[in-house]
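Novice: no FASTA, just this:
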C-alpha cells in the first residue's frame, strides 16, 4: 500500500521527473505522427498505384507483342474463372510527344498505350482520372465540344474552332502584308495562301501565276477529296497524361498554378517505333482529354490512344489473316483474391519455358517504390525509437538523483520494516507511472497533431512563409494520414518499457541501500 | 502475539558473519539465556561491531553484554562515538554485529533472515530517531499509518483502513497532535514531529520501543515533555523502552542507566 501512496506523492511533488519524461512524450508524439503520415502515404500510394494499374500484367517479350489476344483472353478466363473481374488487351510502346508551344516544338518522352475504350475501364479506375465528366462515364476518343474540368483553360471543339480561326486570320494578315510589301518593291506576288474559314484552298489557286501544269486539275481534285479540315475534323484522339501537357508551379501569391502546353482540341505529334524491324513513325493526334491520377510518375509518362489505330500504325495486324497482336493483357481480379496464387495459375497455364510471357502483379511492378517507402518507415522508426532510448538515459539520471535525495526516507522505510523488494517496487512503479503518463500525453499530442496536421501545416506555412507541404512535389493536395491503433499500441508499450528499464538501476540501488547508512545519510 | 513460535518459523539458516566468527546454526537451535539481571527480555552477548574507513578498521563495540528487563525503562548514555546508536541499531536488527548475539524474548534475533527481521522491526519494535525521520511527502496521519501500510497488502489495508485510522487518530490524540492530522512534517514543530514519530512507533503495538536520542534535537522544555510522554508510556502500559541519550538529567529519571565507554558497558544503576 505504501508503495502506491509514496509513488503517487512522488509523482505529484517531483516535477523534475515529469520534465525528464517530456522527452519520452515528444518521442512518442513524433513516432505517432511519423508513422501516421508514412502510413497515409503508403495507403494513398497503394490506392493510386493499384487503381491506376491492373492487378496482373501479362506481358509478351519485346515491342512486337504476341498475336491473337482473343485466344489468350479466353484461356485466361478459363484459368481464373470467377476470380476474374475484368480483362483487356493493350499495346504499350515508348514514344516521343512533340508539342508545339508558341510556335516552337517541345519534345517529351513517355509511354504510348493503345487501349480499347470499352474494356480498359474494367481493369483499372482509368476513366475516373479523366477531366471530362462524360469521358468519366464512358470514354470516347472523339473530341467533346466543351465541359472540361474548370481548372483547364477553354478546351474542346469550341476552342479548336476559335483557335484555328484566329490562326488563319493572323496568317491572312501576314500574307496580305507580305503581298503589299512585294507590290511596293515591284516583286512578283507568287505565294501559297492558306484557305480562309469559308474558302477552300482550291479557290485561291487560280490567282497564282506560274508555269502551266497539265496535271494540276487532277491533283487538285485528289487533294480536295483527302483534304483535312482542322475546323471540322480531328486526328485520332489521344488522352494525354496531364504531366506531359502541363507544368505546375507556385505563383507570386504562393498559389499552386498549372501552365498548360496544350489542351483538349490541340493537335500533337507522337513518334513511336513500328513492330518488326523498328522504324520510327510519326503521327498526328488530337488531344481529347487529360489523364490525372495524381501519381506523378503516371501523369508524366502515359498517353492513351485507340488500340486499333496504334496496331495499324505499328503494323501489328497480320495482313493475311487480319489477326492483331498486342504487347500486354491486363487483368483485374475481384477484391480479396490472392494475386500471387492467380499469378501462379497463369504461369502453370503459360509455362515461361514454352511461352516466355512475363506475368507480374502490380506490387511486383511497383516493388522498388513500395519497398523504398517501407524501408523509409522502418528506418525512421528505428531512429525515433533511439530518441526515446536516449530519453531513457535522461530518466535514469533523474531517477538516480531522486534515489539519492530520498536515501534517508528509504532508510526510514526499511527501519519501519519495508523490504528491499518493497523499496524497489516503489521506484519501479514510479518509473512505470511516469512511462504511462509520458506516453499517454505523447499519444494524445501525437493524435491531435495527426488529426489537425493540415491545419498545423497551413499555420506553419503562414508563420514561416515557406511551404511545409508542397503539392507541386507530391501531387497530394493535403498530407494523407492513417492512424493504425496497432502501431500506436506498440509505440506506447515500447516507451513504457524504456521508462521501466531506465528505472531498474536506480530502483536496485535504492533496494540495496543499507538501512543504517541510509538513515545516517546527509 | 505468539512471538517465539512466529520467529522460530522464520528462522531458516543463520547469516554468515563478515569475520566468520559465529558458527552457522540451523533452525530450532536458538537458545534462551539468562543474564546477570535475571531473565533477559532483550539481551546481547559479547557484541562486537566495527566500521571500516577504506581498509582501516574502526572498532565501535568491543564486546557489549547487556540485559534489558521487560517493562523497564533503560537509558544508554555515553560520549559521542562510544557506540550508543550502533548498539541501538543492533538491538533493532537494523544492522548485524560482527560477532556476538542479540536475544529477544529468549530468541536469537541477529541472525534471522531478512524477512523475519523486517517483520520484527515492523510489528515488535518501535523506533524513534533524533531527527524524527518522518516522510516529507506524507501527512502526519499517513506517517503514523506508514507501518500498517508497509505490513498490509493494498487489499488488506483497504479492508482494515477504518480500524487503522481510528487507532492512528487515537494515538495522535494520546501524543497531543489531534489538531495536526492533515499537516505535512514541514508544517510541524520539532516537538510535534517527535510526537508524530512516537505515534508512528506505537501504531503496531510494539513490545519494545527503541529511541535514539529522541530529545537530542529539542529544547529543554520540549525534550522534557517528550521524555514525560515516553515515561508515561512506560509506566502506564509497561512498555519496555531502551533510550539512547546524552542528557544525564533525563537519564537519571529512568529505571536503569547503562553507560558505554569505548564500546564497553559500564553499569550505573540509577535511583
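Specialist: Everything's here; your move. Being a predicted model, the structure only gives us computed values, none of them experimental. Residues are numbered from 1 along each chain as shown, chains lettered A, B, ... in the order given.

Novice: Quick check: buried residues in stretch B:86-104?
Specialist: B:86-104 (16 or more other CB atoms under 10 Å in any protein chain shown). C-beta here means a position set from N, CA and C on the backbone, and glycine is covered the same way.

Novice: Could you do stretch A:490-504 as well?
Specialist: By neighbour count on 16+ other CB under 10 Å, the buried set for stretch A:490-504 is A:491, A:492, A:494, A:495, A:496, A:498, A:499, A:500, A:502, A:503.

Novice: for stretch B:202-218, same thing?
Specialist: Buried, per 16+ other CB under 10 Å, within stretch B:202-218: B:202-204, B:206-215, B:217-218.

Novice: same question, stretch B:233-252
Specialist: Counting neighbours by 16+ other CB under 10 Å, stretch B:233-252 gives B:233, B:234, B:239, B:240, B:241, B:242, B:243, B:244, B:245, B:247, B:250, B:251 as buried.

Novice: Then stretch A:363-376?
Specialist: Neighbour count says stretch A:363-376 has A:363, A:365, A:366, A:370, A:373 buried, by 16+ other CB under 10 Å.

Novice: Now do it, average pLDDT.
Specialist: Stretch A:363-376 carries an average pLDDT of 82.

Novice: and if you look at stretch A:92-112?
Specialist: 88.

Novice: Show me how far whichever strand or helix holds residue A:46 is from its chain's centre.
Specialist: If you go by DSSP states H and E, residue A:46 is part of helix A:15-52. Put simply, helix A:15-52 sits 21 Å off its chain's centre (CA atoms, centre = their mean, to the nearest Å).

Novice: got the residues of the stretch 101-250 of chain B near chain A?
Specialist: Contact residues, the stretch 101-250 of chain B versus chain A (CB under 8 Å from any CB of the partner chain): B:114-115, B:118-123, B:127, B:129, B:133-138, B:142, B:146-147, B:149-154, B:157-158, B:200.

Novice: Is it possible to mark the buried ones in those residues?
Specialist: B:118-123, B:127, B:129, B:133-135, B:137-138, B:142, B:146-147, B:149-152, B:157, B:200.

Novice: residues in contact with the residue of the stretch 301-450 of chain A found nearest chain B?
Specialist: Of all residues in the stretch 301-450 of chain A, residue A:417 sits closest to chain B, at 2.6 Å by CB to the nearest CB. Neighbouring residues of residue A:417 by CB atoms under 8 Å, 6 or more residues apart in numbering or on different chains: B:118, B:119, B:120, B:121, B:122, B:123, B:147, B:150, B:151.

Novice: Equivalent analysis for residue A:438, please.
Specialist: A:21, A:22, A:24, A:25, A:28, A:495, A:499.

Novice: Over to it: give its phi and psi.
Specialist: Residue A:438 has phi and psi values of phi -60, psi -50 when expressed as degrees, to the nearest 10.

Novice: any low-confidence regions in the stretch 151-271 of chain B?
Specialist: Along the stretch 151-271 of chain B, the model assigns pLDDT under 70 to residues B:267-271.

Novice: now with 50?
Specialist: Scanning the stretch 151-271 of chain B with the threshold set as pLDDT under 50 gives B:270-271.

Novice: Check chain A too.
Specialist: A:197-209.

Novice: Run through the helices of the stretch 1-150 of chain B in chain order.
Specialist: Secondary structure of the stretch 1-150 of chain B, counting by DSSP state H, counting those that start in this stretch: helices at B:3-10, B:84-91, B:114-119, B:140-151.

Novice: Please work out which residues outside the last one touch it.
Specialist: Applying CB under 8 Å, 6+ apart, the set of residues contacting helix B:140-151 from outside is A:1-2, A:5, A:413, A:416-418, A:422, B:122-123, B:134-135, B:138, B:157, B:160, B:164-165, B:168-169, B:171-172, B:177, B:180-185, B:188, B:192, B:196-197, B:199-200, B:203-204.

Novice: okay, how far is it across stretch B:206-225, tip to tip?
Specialist: 21 Å (CA to CA, to the nearest Å).

Novice: gap between it and the chain center?
Specialist: 12 Å.

Novice: And for stretch A:349-362?
Specialist: That offset, for stretch A:349-362, works out to 28 Å (CA atoms, centre = their mean).

Novice: Next: stretch A:150-157.
Specialist: Per CA atoms, centre = their mean, the centroid offset for stretch A:150-157 relative to its chain is 24 Å.

Novice: tell me which residues in that stretch are buried?
Specialist: A:152, A:155, A:156, A:157.

Novice: SS state for the residue lying closest to the last one once chain neighbours are set aside?
Specialist: In other words, residue A:157. Closest residue in space to residue A:157, ignoring its immediate chain neighbours: residue A:145 at 4.6 Å, by CB to CB, 6 or more residues apart in numbering or on different chains. Following DSSP: H, G, I helix; E, B strand; the rest coil, the label given to residue A:145 is coil.

Novice: if we can go back for a sec, residue A:285 is nearest to which of the helices of the stretch 1-150 of chain B?
Specialist: helix B:140-151 (86.8 Å; CB to CB).

Novice: Tell me the first helix or strand C-terminal of the closest one.
Specialist: Assigned by DSSP H and E, the successor of helix B:140-151 is helix B:154-174.
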